[in-house]
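J.: any chance you can model this:
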Amino acid sequence: MSLAPGPLDRRRAARPMMLPMVPSMPCSGSRTASRLLADLIVFDPRRLAWRLAIRTMIALLVPLELARLLAMPALIWVGVGAYLLAIGDSTDDGDRLQPFRLALGAGLGGLALASGVLAGGALLTSVLFMLFWGVLAGVIGVYGNAFATMGLPIAWAYVELGLPARDHSLAAAAGLGALFAAGGALTMAATWLVRIAGPYAPLRSQAAECFRAVASYIDIVAAGREDDPRDPVSSETRVRGAIAEARRVGVELRSGQHGWSGAAQRNLVLIEIADRLFSLAALLREQQATPLGPLADAAREVAAGLAAPARQAPLREALAGLDRMVSFDASSGLGPETERRMAAALARAIRILLGEAPAEGAPALTPAGGPRLRDLLAPLAACLDPGSVVARHALRFGVVAAVAVVIFWFFPGPFGYWIPLTVTVALKPYAGATLARTVQRLVGTSAGILVGSAIMPFLAGPQAEFVAVGIAFFWMMAVLPFNYSLAIFFLSAGLIPFEHFLTPGLDRNVALLRLAGTAIGAVLAIVGGHLLWPSFERKNLPALLGASIRSIAAYADRVLSETDAASFEAAHRVAGRDTTNLQATIQRSASELGGDAESLAATVLAATALQRLMISLNAVAVAASHEQRPAMERFRASFVPALAALALGGDLPPGLDEAAAAPGFLGDELGRMVAQARLLRTALARLEHEKGGL
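T.: Predicted structure coming up:
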């Protein structure tokens, strides 16, 4: 196989080798504003959570309608409890702990509600119990994002349902707590009822996301576009992030199981095929070749086939076109041969979906086995460290929410609880995330209140209000996984008719009080998040950058030497994970107030160099021949120690250009690696100059 473009490759124009465009960072204020604005307008119809919305509406609307038909107002508490717990369960990632999380949320939420009813008669007890439940809700986040989200309805049960209660007797506390727990049981039943796609739906959904991301990346390569210099996260990182998340879901699904079903095996193999496609597309980008459009279309068909298994006719049509590409004579050069390999990989993915090819060769996952008590307690023990982000967040969460309860105590009713409620949803472990969530909350709430108030005159009677509530809350749950501000818009719009449905004759001006309560809570969240033991993600950047350099050096060592497949794959995954973590943290750091813009820009430059370096390594791993191994070994002897030295603050040794000398494709890629290493060294020198800015 020839590695140089051939004379028959008429689709490609000769272009000089170009270094990638390096992103530049705007000034801190405009950078933060642009990131926050971008988060507000995100809408991705492919990520709508239909199943989450359906099961939530079942759990909410059935008790509400029964309460009306049977004249049993107590059932309203069941529906509200089910709705809050469904929101807390919105980040289920298929780790097979969903029933446990729902049971935990229902039990602790019932206790929190009951304690709120009992404590609500006095300011001191209200504040003390808020401090307790706030810290508890923050601490359980040590077990992951899904548990952190479930901590929210526990706090909501206290501030939204318990404290505002008028009857503070023991009987009322026990009764309302039990009704909330019953709502949890209803949510679990609705979850089982709607889970018609089986327990592997999260893995299949994430596999589809991988192919959509690869299709978008192929489109970028085909158009010859560079990444947006204003975006600190590259297109390559977005693909790698989707693949890494899919693998994580696979590992979580495997934990606690004694077997591994054929459905899960197929999805896992498809994820590995998506990773292979990404490497081949990156190779085409390095060669400045233009991939054929049908490849991106076929990747989208695979994603659609994963989302809708019965959709087979478009898959067969795409398969016929891929088979024609595979049978094409590849003698004309590197580009067509790479496209043939992409077409063959996509054809295999479609045949696996159609059941016409076996799903073999998936990598091994974490061994099955239940966790030991020591393993369960270890994360809690880690919270005892004063430097623990989770511990600091939990304490900050409890303190700020307790202050919000003090203000709530003197705020005009009936919506004073929106002050501590806003604090609980806006306050996040990192200051930048708190700012972003607060802005989203304010914008979504304001727009939703305006729309909800505007439609009220057109809702004639309880039935119309009931329908409006169902529509608004359904869309709130459907968009919640990817756009919080849009979710809050639908929530706020639906709460207006919901409140009038529950309390006929309610003064319509209370919407203004709710808006005022939200604004006060937002101010408390921002102030508390930036003054009380703040955590800034930009402080993690130096460690993440060092880890990424070291893992890229280890990956380069595997690519440039003769090594076993398992060792190569392990190094590839670690390098991809570290690079993705670095770029994702850069993205979040761009939303933080303060910080040194020059240091952040230098880190972006370093991340760009590492990203491009990994692409070149992927290209060599995919396309280099056995005959080129001696040249690769010579380069490895100089290059890998040089990268390792950079991670320790060293400099690049002389002679790298001579070590990179090789004919054709390999020489081009090795030269790019040297150029990116120099770019990395420049970025590190800038960081050293700005030391202390991060």
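J.: separation between residue 326 and residue 340?
T.: Going from residue 326 to residue 340 by C-beta to C-beta, to the nearest Å gives 6 Å. For every residue, glycine as well, the C-beta is placed using N, CA and C.
J.: actually residue 297, not the one I typed
T.: Relative to residue 340, and taking C-beta to C-beta, residue 297 is found at 17 Å.
J.: need the contact list for residue 428.
T.: By C-beta atoms under 8 Å, 6 or more residues apart in numbering, the residues touching residue 428 are 393, 434, 437, 529.
J.: tell me where the stretch 251-400 of the chain has strands.
T.: Counting by DSSP state E, counting those that start in this stretch, one finds no strands in the stretch 251-400 of the chain.
J.: tell me the predicted confidence for the residue nearest to residue 275 when sequence neighbours are not counted.
T.: Once flanking residues are discounted, residue 275 sits nearest to residue 243: 5.1 Å by C-beta to C-beta, 6 or more residues apart in numbering. Here the pLDDT value assigned to residue 243 is 84.
J.: any idea how far the helix or strand harbouring residue 243 is from the middle of the chain?
T.: Assigned by DSSP states H and E, residue 243 belongs to helix 235-254. Helix 235-254 sits 10 Å away from the centroid of its parent chain (C-alpha atoms, centre = their mean, to the nearest Å).
J.: output the contacting helices and strands for that helix.
T.: When contacts are defined as 3 or more C-beta pairs under 8 Å, 6 or more residues apart in numbering; DSSP states H and E, helix 235-254 packs onto helix 201-223, helix 262-286, helix 565-589, helix 597-623.
J.: could you redo those helices as CSV and give each row mean neighbour count and distance to residue 315?
T.: CSV is the format used below for those (neighbours: other C-beta atoms under 10 Å; distance: least, C-beta to C-beta, whole Å):
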stretch, mean neighbour count, distance to residue 315
helix 201-223, 22, 12
helix 262-286, 23, 13
helix 565-589, 20, 28
helix 597-623, 23, 26
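J.: let's have these in CSV, adding distance to residue 247.
T.: Below are these laid out as CSV (distance: least, C-beta to C-beta, whole Å):
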stretch, distance to residue 247
helix 201-223, 9
helix 262-286, 6
helix 565-589, 7
helix 597-623, 17
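J.: nearest to residue 406, out of those helices?
T.: helix 565-589 (31.3 Å; C-beta to C-beta).
J.: quick one: average confidence on the closest one?
T.: pLDDT averaged over helix 565-589 gives 80.
J.: got any ranges where the stretch 301-450 of the chain has weak pLDDT?
T.: Applying pLDDT under 70 to the stretch 301-450 of the chain picks out residues 309-310, 328-335, 358-376.
J.: what's the host helix or strand of residue 556 packed up against?
T.: Per DSSP H and E: residue 556 is located in helix 541-559. Contacts defined by 3+ C-beta pairs under 8 Å, 6+ apart place helix 541-559 against helix 565-589, helix 597-623, helix 629-647, helix 664-689.
J.: that older thread, for residue 580, see how far away the residue nearest to residue 275 is.
T.: Residue 243 is 9 Å from residue 580, by C-beta to C-beta.
J.: overlap in contacts, these two.
T.: Common neighbours of residue 243 and residue 580 (C-beta under 8 Å, 6+ apart) do not exist.
J.: ok, now how distant is the spatially closest residue to residue 403 that is not a sequence neighbour from residue 142?
T.: Distances taken as C-beta to C-beta, 6+ apart place residue 524 nearest to residue 403, at 6.4 Å, with adjacent residues excluded. Shown here: residue 524 relative to residue 142, a distance of 24 Å by C-beta to C-beta.
J.: buried stuff in the helix holding residue 556?
T.: Neighbour-count burial for helix 541-559, counted by 16 or more other C-beta atoms under 10 Å, picks out 541, 544-559.
J.: tell me the secondary structure at residue 562.
T.: Look at residue 562: counting by DSSP: H, G, I helix; E, B strand; the rest coil, its state is coil.
J.: in the stretch 551-694 of the chain, where is pLDDT below threshold?
T.: Using pLDDT under 70, the stretch 551-694 of the chain drops low at 690-694.
J.: go with 50
T.: Residues of the stretch 551-694 of the chain meeting the criterion pLDDT under 50: 692-694.
J.: quick one, phi/psi of residue 535?
T.: Per-residue torsions, residue 535: phi -120, psi 130 (degrees, to the nearest 10).
J.: tell me who's in contact with it.
T.: 389, 392, 393, 429, 430, 431.
J.: any chance of TSV for the residues you listed, columns neighbour count and distance to residue 657?
T.: Formatted as TSV, the contacts of residue 535 follow (neighbours: other C-beta atoms under 10 Å; distance: C-beta to C-beta, whole Å):
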residue	neighbour count	distance to residue 657
389	17	43
392	19	48
393	27	49
429	20	45
430	23	42
431	23	44
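J.: narrow these to those in helices?
T.: 389, 392, 393, 431 (DSSP state H).
J.: burial of the residue nearest to residue 403, as a residue count?
T.: 22 (other C-beta atoms under 10 Å).
J.: cool, the one 10 residues further on as well?
T.: Residue crowding around residue 534 was assessed by other C-beta under 10 Å; the count is 20.
J.: same question, residue 77
T.: What residue 77 shows, counting by other C-beta under 10 Å, is a neighbour count of 21.
J.: for it, which non-adjacent residue is closest in space?
T.: According to C-beta to C-beta, 6+ apart, the nearest residue to residue 77 is residue 179 (3.9 Å).
J.: just checking, that neighbour touches residue 79?
T.: No - between residue 179 and residue 79 there is no contact under C-beta atoms under 8 Å: 9.5 Å.
J.: residues contacting stretch 55-65, please?
T.: By C-beta under 8 Å, 6+ apart, stretch 55-65 touches 75-76, 78-80, 82-83, 86-87, 183, 186-187, 189-191, 193-194, 466, 469-470, 473-474, 477, 501.
J.: quick revisit: distance to residue 113 added to the contacts of residue 535, as JSON lines?
T.: Formatted as JSON lines, these follow (distance: C-beta to C-beta, whole Å):
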{"residue": "389", "distance to residue 113": "29"}
{"residue": "392", "distance to residue 113": "27"}
{"residue": "393", "distance to residue 113": "23"}
{"residue": "429", "distance to residue 113": "25"}
{"residue": "430", "distance to residue 113": "29"}
{"residue": "431", "distance to residue 113": "31"}
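J.: among these, which one lies nearest to residue 238?
T.: residue 430 (21.0 Å).
J.: I figured the closest one hits residue 537, correct?
T.: Yes - using C-beta under 8 Å, residue 430 is in contact with residue 537, at 5.0 Å.
J.: before we move on, the earlier item: turn the contacts of residue 428 into TSV, including secondary structure and distance to residue 314.
T.: As requested, the contacts of residue 428 are exported to TSV (DSSP: H, G, I helix; E, B strand; the rest coil; distance: C-beta to C-beta, whole Å):
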residue	secondary structure	distance to residue 314
393	helix	47
434	helix	44
437	helix	39
529	helix	48
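J.: show me which pair in the residues you listed is furthest apart.
T.: Maximum distance among those (C-beta to C-beta): 12.9 Å, for 393 and 437.
J.: shared neighbours, those two?
T.: Counting by C-beta under 8 Å, 6+ apart, the residues touching both residue 393 and residue 437 are 427, 428.
J.: follow-up on the earlier one: of the helices and strands packed on helix 235-254, which is nearest residue 654?
T.: helix 597-623 (19.3 Å).
J.: what's near enough to touch residue 189?
T.: Per C-beta under 8 Å, 6+ apart, neighbours of residue 189: residue 59.
J.: does it sit in a helix or strand, and which one?
T.: helix 170-194.
J.: pull out the buried residues from that helix.
T.: Here helix 170-194 shows 173, 175-188, 190-191, 194 as buried, counting by 16+ other C-beta under 10 Å.
J.: no further questions, thank you.
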